[in-house]
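> quick one, structure for this:
(3 chains)
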Amino acid sequence: MSADPNQKGVSPWVDAWRRLKKNKMSMFGLWVVVVMSLISIFGPILPGMPNPNVQFNFVGAQPAMSRHVYVQNKNSLTVDQAPQLPPGYASKSELEFGINLERYREYRIVVRRRKISGITQTLGAKSIDVLEVSGKGDYFVVENEDGTLGEPLPPDLTFVKKKKLAKVLGKKRVVILRHVFPATERKVTATLAGGKVTGITLDGEVVKHLSFDGRDVLRATADGEEQTLLHILGTDSSGRDLMSRVVAGGRISLMVGLVATLVSLLIGVVYGAVAGYYGGKVDALLMAIVDVLYGIPYLFLVILLMVFFSRSLMTLFIALGAVQWLTMARIVRGQILSLKEKEFVEAARMCGSSDFKIVFNHLIPNTLGVVVVYTTLTVPAVILQESFLAFLGLTIEWAPGETLESWGALVNSGVKELGDNGERFHLLLWPSFAMALTLFSLNFLGDGLRDALDPKQRGRT
Amino acid sequence: MGSYLLKRLAQVPVVLLVLITTTFFMMRLAPGGPFAGDKKMDPVIQKKLEEKYGLDKPMLVQFGKFLVGLPDLGPSFKNKTKTVNEILAEKFPTSAYLGFLATMFALALGLTAGIVAGVRQNSGFDYGSMAAAMLGLSLPVFVVGPVLALIFGLYLKWLPSAGYDGWSDWKALILPTITLGLPFAARIARLTRAGMLEVINQDYIRTAWAKGLSEKVIVLRHALRGAMLPVVSFLGPGIAAMLTGSIVVEKVFAIPGLGMEFVESAFNRDYTLAMGTVILYGVLLIFFNLVVDVLYGFLDPRIRYS
Amino acid sequence: MRSSLSVALALALVAPTFAGEITQNRTGDLKENWKEELKPEDDAWKSVDQTFRFNNGTEPETLDLHIMTGVTENRLATALFEGLVSQHPETLDIVPGVAKSWTISADRTVYTFHFRDDAKWTDGKAVTAQDFYDSWKRALTPATTCQYGYMFFPIKNSEAFYKGKITDFNEVGVKVKDAKTLVVTLTNPCPYFLHLAAFKTLYPVPMAVVTKHGDKWTRPENIVSNGPFQLQEWVANQQITMVPNENYWDRKNVRLKKLIAYAYTDPETSYKLFRQGKMDWCTTIPTPKVDEIKRLPDYYAQPYLGSYFYRVNVEKPPFNDVRVRKALTMGFDREIITRDLLKGGQIPAGYFSPEMLGYKPPKGLRYNRVKAQKLLAEAGYPAGKGFPTIDLLYNTQESHKQVAEAIARQWKENLGITVSLRNNEWKVYLAEVDKRNFHLARGGWIGDYVDPNTFLDLFMTGGGNNNTGWSNKRYDDLIRGAAKSGDQKERFKLFYEAEKILVEDECPIIPIYIYVNQGLLSEKVAGWYENVLDHHTYQYIWMEPVE
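Numbering: from 1, shown residues only, chains lettered A, B, ... in the order given. I've put the predicted structure just below:
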């Protein structure tokens, strides 16, 4: 019986790919990984992508889809100089700002055992014995967590330490008062030409220089358009855009995962190949070493390494890679052992190929399937380990000047910031979601690849 | 079997030696000593302190002294009144108890889910549980823990969210056990399912079916043994993973165990205590790997190392 | 003969009093009956379990008074031991401790302490002047490795003995006159000496026990102490349990029946336990949650004698140029840090030593963007061009990270310079600071006693905690002058001038803010007062029922 010449032989790769395609979860995983990788690589350089390092301290942590006036922490305008404003303003010609220079003092009154036990002025935690609601300005009770103010308090109210709380405040145990000094809204206009300020007015009067805090700006318009900034996923406690941080974090996490895995790959594949190919005493020795090293709680040594030596990216890669290579070595060795009895190896030897060539040109490529599978499964493991290190406080020193964090570090911060009633939940949700989704997908992809490359299923499409 | 066991036992001191040596020298070589404090010390004082703890002698001498002194692990550098052995003895039972509970939980949950998923392949339960298992592997422990603590502890107030008062305080161990055991359970579930699937298609199972045995009997008596193999082989690294996971859980739930002790001692450069915990963990790991290998041999008659 | 001798002797003893010696049993404006105000008004407290639980923040290194260094150990020392004098829980005025009264010589260099008769150790033995003599000798002996030896330095020859220059302790200005009288001689008048005497290093240790048990003397089964409480149980890394000392001279006024100090390092954990009712006092709070916690009635914020600053390595270019240092100090707005980031009421400060006892520090250099830019340009880096990348070192903690990030960001926006943030965990950080392996390094300093000297003597030439490489003779002279003077007004003037050099002229440090101590105190607790050292004496605390 001769083979039908019309029937095309199918390479094991195509075979495997076909099987993979059928596995819906794995394909889903593959797509997600591809998309995530693309976002991570190209995301940060997309035009219009916010800078993950710019802080809007006066904004604080805000949930998804929040907007705020587009100004900096500190802004200033000086005639004949470029404006100290966020990028984008310099190219405009007419600016207008509404500034509320309201000033206030905050007090905290605590009631213990039905009597006022303390009146503290927040700034400097200054303790005072008597607080009188009088004089300039109004006193308001700060109602909720988000700082809304209630009705102004009646004048002639006095709070005295060790006395009872004023009736109008009822049974409260903590009262936070804000003493607001009256201030009217002021209007600032500025004209620009060639990127420099040419004229400034404050409430109609001409001035040469003006500076104001971001928190005082009520609105800003440039050439008639309102300038606001939208944060799609919200901001963190320093006012940094969360989405760009998550995207940047992905870059780091995926890179760490990939490089550390590659390190373990390199060591493991070569080690396992040598052990498997030479067999006998060499194999016994090499595998004995692996067994010995297996018994060490590796992660402890990683921690020790990170704690004691530099926390550079290099150390991380080596440390994490060193943990994973043992498994890789074992698997590759197993593969090589079974492969080396096959005919093509015999053939290569007869052709006079050196050992080196046989191992590297013939055997290792044939183990690629298994290697690929375990790579896909090692990457998520490494990313999880890196997040564990972040939890312990062993974060990476990225590049000088900017602190970018991996998903693990972002998640860690998110957990720390989580409020008792779920406040700032978004800081935990989005990085965790990104991380879980990616790891989830990598695992599924790895599983699918493993099933697809399973020799038992070869030929069974 | 016997010679295999001997071979493995022979490895134990080698592993330990490698472990001890690596840790010892790594710590000594690291910057920062155990006595650096906030307010700078007078150099005379510094010298006296070092003399007291033998840190002024050359490293090899220190190492030799340490080896000779085993199993006494010396005084703790940070906690100046207790010895390392005492601290380990105090903390270890709690960690062991937690680890034990978590393992039981993981086995119970994982095996059940894996068996059912395997038997009912491609059912809703199968997909659902495997997806859940995957999720359990994709979220770090320090996320699951605090979130659970938040929901069940502070919000619903069903369970304490932190603290541990002693053996009788079983309520406080519920959340930590779940948090610690979940990733383990997830792996076990997947492995059990895979093992189950392998075994179910074997001829001897088909024979059992033909004989008319009930599903329960087939699953529990015949299939389980074979399905357990991958689980058993995973127990070794699994327990290792739990040891490291316990660090997180103990920190998050304020359980006074050995995990956090290790990290603190590394940060404090408490050489002796860090060595002590590493050695203890190493011994545990070796022990468990050995047990697992023996167990594996029992379960799979095909693998009787000669 | 004898009678005239005795008369002469009597006159000799009495005469110094006439000549201007002061006998005291308290300082400050404390009334004679100050203790009455610290008692419960009625008996309601007797119906409540008198157990006080607090989180001490970390496992104490030791209970040996001469080895301990941290705030954690301090809290325990206050409960277990007592010194010559003690402090009023609210005002921190000096009140009698083991000594029921003391006499100060006219030139204010000789202090004579008169012990009370009923001061006893937990083993029933009386506390004698010899106990103090032996303890202080042990503290100052180099082999003991007592890091706080410098607290003794106002005492004559103590520094020389501590540094090993003299070996006979008899030359040190401490003498045992009799079992109940201790005479201390200082080199110069020191207005805050009594505050030093109230510090834990000057408390007595039971020398017999120390000699007998060596390192193990502080174990619960061995320890002997003389304070209001005694050690009952010590579970490592978990808790320390203390019960009242039955032999304490003021036992009848100690109302607590149990005192437990927990060793949780994570403020989040102690906060959780507090919410569950398992903790009565949290000494710190998780800072990210400050907004929620402020709404709890149990939250308190009190001024704290501590300063947060960055050290500048003045030997590493570009910081050898004072203009660069000034530019950085003026180049960021501290209010953004304290108001928007920390939100605890911390005081943004351009000065280093906090205000205290009438001392008003100089204002320092305020935020001034234009001036900062000008200075930087003058130094050769217009708009930050050509400025090397410098590093800012801090120890790993979320709040330090946030502060560093915010400041670095401001410098980038205002001055155009790049700062690389480097964080190391505690021990490595300390080693790096010690080696001066940094451009900028975060620093925090808590005062040991209420006097500007505890802050300003840090930056004297070669000071062990200087770590900036800065040296200024005028500064040294001013600080030394203040140490010699006994006149508070004059001292404060000298300190002011010195601090001006530090924070306005030379700027080897960049001050950032003055600490505010934040914590949680359960409503059940009475007799606990806020003070600037966060020093609390437990014998005045009791638990009251909550309505």
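
> quick check: residues of the stretch 1-150 of chain C near chain B?
Of all the residues in the stretch 1-150 of chain C, those in contact range of chain B (Cβ under 8 Å from any Cβ of the partner chain) are C:59-64, C:67, C:69-70, C:142-149. In short, each C-beta sits where N, CA and C put it, glycine included.

> try it again with 7 Å
C:59, C:61-62, C:67, C:69, C:142-143, C:145, C:147 (Cβ under 7 Å from any Cβ of the partner chain).

> tell me the pLDDT of residue A:459.
Residue A:459 carries a pLDDT value of 41.

> and residue C:233, helix, strand or coil?
Assigned with DSSP: H, G, I helix; E, B strand; the rest coil, residue C:233 falls in the strand class.

> returning to that earlier point: can I get the residues of the stretch 1-150 of chain C next to chain B in JSON lines with secondary structure?
As requested, the residues of the stretch 1-150 of chain C next to chain B are exported to JSON lines (three-state DSSP):
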{"residue": "C:59", "secondary structure": "coil"}
{"residue": "C:61", "secondary structure": "coil"}
{"residue": "C:62", "secondary structure": "coil"}
{"residue": "C:67", "secondary structure": "coil"}
{"residue": "C:69", "secondary structure": "coil"}
{"residue": "C:142", "secondary structure": "helix"}
{"residue": "C:143", "secondary structure": "helix"}
{"residue": "C:145", "secondary structure": "coil"}
{"residue": "C:147", "secondary structure": "coil"}
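
> tabulate these (TSV), appending neighbour count, pLDDT and distance to chain A.
As requested, these are exported to TSV (neighbours: other Cβ atoms under 10 Å in any protein chain shown; pLDDT from 0 to 100; distance: Cβ to the nearest Cβ, whole Å):
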residue	neighbour count	pLDDT	distance to chain A
C:59	26	79	18
C:61	20	77	19
C:62	18	83	23
C:67	21	84	25
C:69	18	78	22
C:142	17	86	30
C:143	13	84	30
C:145	21	79	25
C:147	23	79	24
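
> and which of the residues you listed is nearest to residue C:254?
Out of the residues of the stretch 1-150 of chain C next to chain B, the one with the shortest distance to residue C:254 is residue C:62. That distance is 24.4 Å, counting by Cβ to Cβ.

> isn't that closest one up against residue C:219?
No: the pair residue C:62 / residue C:219 is not scored as a contact, 10.8 Å apart, by Cβ atoms under 7 Å.

> residues in contact with residue C:298?
For residue C:298, the residues meeting the contact criterion (Cβ atoms under 7 Å, 6 or more residues apart in numbering or on different chains) are C:520-523.

> residues touching the closest residue to chain A within the stretch 1-150 of chain C, list them.
Closest approach of the stretch 1-150 of chain C to chain A (Cβ to the nearest Cβ) occurs at residue C:44, with a separation of 10.1 Å. Under the criterion of Cβ under 7 Å, 6+ apart, the contact list for residue C:44 reads C:544-545.

> distance of it from residue A:87?
Note on residue C:44: its distance to residue A:87, by Cβ to Cβ, to the nearest Å, is 65 Å.

> and residue A:105, helix, strand or coil?
Residue A:105 - assigned by three-state DSSP - is strand.

> residues contacting the most centrally placed residue in chain C?
Against the mean C-alpha coordinate of chain C, by Cα atoms, centre = their mean, the closest residue is residue C:448 at 2.5 Å. For residue C:448, the residues meeting the contact criterion (Cβ under 7 Å, 6+ apart) are C:151, C:199, C:454.

> who touches stretch B:101-110?
Outside stretch B:101-110, the residues within contact range by Cβ under 7 Å, 6+ apart are B:173, B:177-178, B:180-181, B:184-185, B:188-189, B:192, B:242.

> farthest-separated two in those?
If you compare every pair in the contacts of stretch B:101-110 using Cβ to Cβ, the most distant one turns out to be B:173 and B:192, at 25.0 Å.

> who has more neighbours, the two?
residue B:192 (26 against 21; other Cβ atoms under 10 Å in any protein chain shown).

> which stretch of helix or strand covers the more buried one?
Here residue B:192 sits within helix B:171-200, counting by DSSP states H and E.

> please see if that helix touches chain A.
No: where contact is defined by Cβ under 7 Å from any Cβ, no part of helix B:171-200 touches chain A; the two come within 8.4 Å at best.

> quick check: mean pLDDT of that helix?
Mean pLDDT, taken over the full extent of helix B:171-200, equals 84.

> please name every helix or strand in contact with that helix.
Contacts defined by 3 or more Cβ pairs under 7 Å, 6 or more residues apart in numbering or on different chains; DSSP states H and E place helix B:171-200 against helix B:84-119, helix B:124-138, helix B:141-148, helix B:224-253.

> could I get these as JSON lines with mean neighbour count and mean pLDDT?
Output for these, formatted as JSON lines (neighbours: other Cβ atoms under 10 Å in any protein chain shown; pLDDT from 0 to 100):
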{"stretch": "helix B:84-119", "mean neighbour count": "20", "mean pLDDT": "86"}
{"stretch": "helix B:124-138", "mean neighbour count": "17", "mean pLDDT": "83"}
{"stretch": "helix B:141-148", "mean neighbour count": "23", "mean pLDDT": "86"}
{"stretch": "helix B:224-253", "mean neighbour count": "22", "mean pLDDT": "77"}
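
> buried ones in stretch A:70-89?
Judged by neighbour count using 16 or more other Cβ atoms under 10 Å in any protein chain shown, the buried positions of stretch A:70-89 are A:70-79, A:83-86, A:89.

> try stretch A:322-341
A:322-333, A:335-336, A:339-340.

> among these, show me the least confident.
Comparing pLDDT over those, residue A:340 scores lowest. The value there is 71.

> quick one: the helices in the stretch 151-300 of chain A?
A:242-278, A:280-294, A:298-308 (DSSP state H, counting those that start in this stretch).

> nearest to chain C, of the ones you listed?
Between chain C and the helices of the stretch 151-300 of chain A, the shortest gap by Cβ to the nearest Cβ is with helix A:298-308, which sits at 6.2 Å.

> pLDDT averaged over that closest one, what's the number?
Within the predicted structure, the mean pLDDT of helix A:298-308 is 67.

> same check on stretch C:373-388?
Per-residue scores along stretch C:373-388 average to 91.

> returning to that earlier point: Throw the helices of the stretch 151-300 of chain A into a markdown table and include mean neighbour count and distance to residue B:273, thanks.
As requested, the helices of the stretch 151-300 of chain A are arranged in a markdown table below (neighbours: other Cβ atoms under 10 Å in any protein chain shown; distance: least, Cβ to Cβ, whole Å):
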| stretch | mean neighbour count | distance to residue B:273 |
| --- | --- | --- |
| helix A:242-278 | 22 | 29 |
| helix A:280-294 | 15 | 24 |
| helix A:298-308 | 22 | 13 |
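
> who wins for most neighbours among the contacts of stretch B:101-110?
Counting neighbours by other Cβ under 10 Å, residue B:180 leads these with 31 neighbours.

> name the nearest residue to it, ignoring sequence neighbours.
Setting aside the residues directly before and after it, residue B:180 is nearest to residue B:102 in space (Cβ to Cβ, 6 or more residues apart in numbering or on different chains), at 4.0 Å.

> tell me how far the one you found lies from chain A.
Residue B:102 is 17 Å from chain A, where distance means Cβ to the nearest Cβ, to the nearest Å.

> same thing with residue C:398?
From residue C:398 to chain A the distance is 6 Å (Cβ to the nearest Cβ).

> burial of that residue, as a residue count?
A count of neighbours around residue C:398, defined by other Cβ under 10 Å, yields 16.

> and it, what does it touch?
The neighbours of residue C:398, taking Cβ under 7 Å, 6+ apart as the test, are residue A:416.

> so, low pLDDT: which residues of the chain?
Picking chain A for this. In the predicted model, chain A carries pLDDT under 70 at residues A:1-12, A:144-147, A:295-301, A:303-313, A:393-404, A:454-461.

> that was the other one, I meant chain C.
Low-confidence segments of chain C, defined by pLDDT under 70, are located at C:1-20, C:547.
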